[in-house]
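Trainee: only geometry, no sequence info:
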Ligand code: HEC
Ligand code: HEC
């Protein structure tokens with residue numbers, strides 16, 4: 001069902017993401033040392049392959065929850081029971097109380113909300129963290145006044161993972177344009193065309209499965225709303241404290257992955 005082009009695009013995106021992350025890892029000059037206990041915890045984390053099911057800052061497996069900020073959200077008794085007898089699909093590890101303490105130190109060291117929050121899921125949904133997450137938090141405060149057609153367009157934008165390539169109110173790292181300018185640059189007819197056939201040779205895939213007429217209409221209403229509200233949205237996105245809740249990749253202490 002995937003065309004060769006889709007596959008190439010996907011591989012391209014994954015490669016870029018990988019290179020970008022490698023760049024961040026190797027350009028990291030903030031090597032905050034871990035405490036002895038936290039280092040022991042990290043060893044246990046690696047030895048037991050916790051990352052197969054859990055993510056840190058959105059990186060890892062998806063069977064279990066993101067654990068970036070779990071330390072401040074979990075009772076010690078629950079942590080103890082999880083790391084001994086397990087729960088549901090979380091296997092039993094029968095950790096000793098010493099091992100549980102090491103793991104707790106490691107999870108504590110990871111939990112730095114001032115650097116950004118976990119639960120980053122690329123493309124799957126707009127709510128939550130990441131640049132579209134901050135944007136979503138702003139939009140959520142305005143949803144009541146928004147025309148249902150616009151919020152429907154925003155919902156489609158999220159469910160079709162347009163935000164994987166396009167960034168809010170700016171050109172993205174992969175070169176996808178700022179969509180708040182789209183209605184100024186393109187006529188309605190041209191917009192419909194892009195949203196139907198894409199521009200495959202320029203990196204914009206045709207939405208698949210194809211968008212229906214009404215969905216295109218809603219998406220365009222959303223783009224018009226973006227354009228009309230650009231200055232206010234930009235102020236809130238860049239100036240607001242909400243922006244701090246998104247991940248600041250540069251500041252993440254990458255030691256946790258070593
Ligand atoms: C096979 C997949 C799997 C592995 C491996 C795994 N977990 Fe889990 N983990 C889960 C699932 C699923 C849950 C959710 C369980 C529940 O809510 O009942 C969970 C829950 C947790 C939670 C609670 C999260 C919360 O927000 O309440 C912690 C903490 C945790 N795991 C730590 C670990 C650590 C540390 C390791 C490695 C020693 C590990 N897990 C290995 C699947 C896994
Ligand atoms: C795989 C990455 C990718 C995805 C996914 C993607 N786009 Fe694009 N999009 C691009 C690129 C790259 C361009 C610029 C193409 C060009 O140079 O003309 C673009 C261009 C556009 C344009 C024209 C903007 C302009 O000013 O010329 C619109 C509108 C658009 N995209 C909307 C969307 C919508 C809505 C979705 C979700 C249904 C989406 N895109 C999904 C990469 C993507």
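Mentor: Happy to help now that I have it. Not measured: the values here are computed from a predicted model. Ligands and ions are numbered 1, 2, ... in the order given.

Trainee: need the helices for the stretch 151-258 of the chain, in chain order.
Mentor: In the stretch 151-258 of the chain, helices defined by DSSP state H, counting those that start in this stretch lie at 182-185, 188-197, 213-228, 230-239, listed in chain order.

Trainee: measure the nearest residue to residue 106 once chain neighbours are set aside to ligand 2 for me?
Mentor: With C-beta to C-beta, 6 or more residues apart in numbering as the measure, residue 41 is the residue that lies nearest to residue 106, at 2.7 Å, once sequence neighbours are left out. Every residue, glycine included, has its C-beta placed from N, CA and C. The spacing between residue 41 and ligand 2, counted by C-beta to the nearest ligand atom, to the nearest Å, is 38 Å.

Trainee: Name all residues that make contact with residue 41.
Mentor: Contacts of residue 41 were listed using C-beta atoms under 8 Å, 6 or more residues apart in numbering, and they are 102-107, 109.

Trainee: is it true that it lies in a helix?
Mentor: Yes. Residue state for residue 41 (DSSP: H, G, I helix; E, B strand; the rest coil) corresponds to a helix.

Trainee: thought residue 86 was touching residue 93?
Mentor: Yes. In terms of C-beta atoms under 8 Å, residue 86 counts as a neighbour of residue 93; the distance is 6.9 Å.

Trainee: what number of residues lie near residue 53?
Mentor: Residue neighbour count, defined by other C-beta atoms under 10 Å, stands at 16 for residue 53.

Trainee: measure it to ligand 1 for me?
Mentor: 3 Å.

Trainee: same deal with residue 151?
Mentor: The spacing between residue 151 and ligand 1, counted by C-beta to the nearest ligand atom, is 30 Å.

Trainee: What of residue 78?
Mentor: Relative to ligand 1, residue 78 is positioned 7 Å away (criterion: C-beta to the nearest ligand atom).

Trainee: In space, what's closest to the residue of the stretch 101-250 of the chain found nearest ligand 1 - neighbours in sequence excluded?
Mentor: Among all residues of the stretch 101-250 of the chain, residue 103 sits closest to ligand 1, at 5.2 Å; criterion: C-beta to the nearest ligand atom. Ranked by C-beta to C-beta, 6+ apart and with sequence neighbours excluded, the top spatial neighbour of residue 103 is residue 41, at 4.6 Å.

Trainee: what about that neighbour, distance to residue 71?
Mentor: Using C-beta to C-beta, to the nearest Å, one obtains 11 Å as the distance from residue 41 to residue 71.

Trainee: Cheers, nothing more for now.
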